[in-house]
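Mind folding the following:
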Amino acid sequence: MAMTRDRLQGFLFEAFPDAEITLTDLMGDNDHWQAEIVSAKFSGKTRVAQHQLVYAALKGKMGGELHALALKTRAP
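Numbers count the residues shown, from 1 in each chain. Here you go, the predicted structure:
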């Protein structure tokens, strides 16, 4: 089962309610996404730490419901 845009957006907005989030379905299959996330929660954090916050927000769905996620993260 692939992850729909609404479901992915739900996980991300729950974790980053202040964020500007842009989702792109890279293959048109709801399975390969790119997420651009701008959030104050990323301030002072390394890129690796930012990405870890995003993966934590997905609550273990990465690699299962969500096959691939290309991330672009930054603080405002």
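
so how far is whichever helix or strand G10 is part of from its chain's centroid?
Using DSSP states H and E, G10 sits in helix 5-15. In terms of CA atoms, centre = their mean, to the nearest Å, the centre of helix 5-15 is found 8 Å from the chain centre.

try stretch 35-42
The chain centre lies 9 Å from the centre of stretch 35-42; the measure is CA atoms, centre = their mean.

Give me the contacts around that stretch.
8, 12, 15-16, 18-24, 50, 53-54, 69-76 (CB atoms under 8 Å, 6 or more residues apart in numbering). C-beta: built from backbone N, CA, C; applies to glycine.

So which of those residues are in strands?
Secondary structure defined by DSSP state E assigns E20, I21, T22, L23, T24, L69, A70, L71, K72, T73, R74 of the contacts of stretch 35-42 to strands.

What pLDDT does the model give the nearest residue to the third one once chain neighbours are set aside?
By that I understand T22. Using CB to CB, 6 or more residues apart in numbering and skipping residues adjacent in sequence, the residue nearest T22 is E36, 4.3 Å away. With respect to pLDDT, E36 scores 98.

Could you report the distance from E36 to A19?
Using CB to CB, to the nearest Å, E36 is found at 10 Å from A19.

do L71 as well
12 Å.

Just list whatever residues bridge to the residue nearest to L26 when sequence neighbours are not counted.
Distance criterion CB to CB, 6+ apart; nearest residue to L26, sequence neighbours excluded, is H32 at 4.4 Å. Under the criterion DSSP bridges, H32 forms beta bridges with A68.

quick one, what contacts H32?
Applying CB under 8 Å, 6+ apart, the residues near H32 are D25, L26, H67, A68.

These into JSON lines, with extra columns for pLDDT and distance to M3?
Conversion of these to JSON lines gives the following (pLDDT from 0 to 100; distance: CB to CB, whole Å):
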{"residue": "D25", "pLDDT": "95", "distance to M3": "10"}
{"residue": "L26", "pLDDT": "95", "distance to M3": "13"}
{"residue": "H67", "pLDDT": "87", "distance to M3": "9"}
{"residue": "A68", "pLDDT": "91", "distance to M3": "11"}
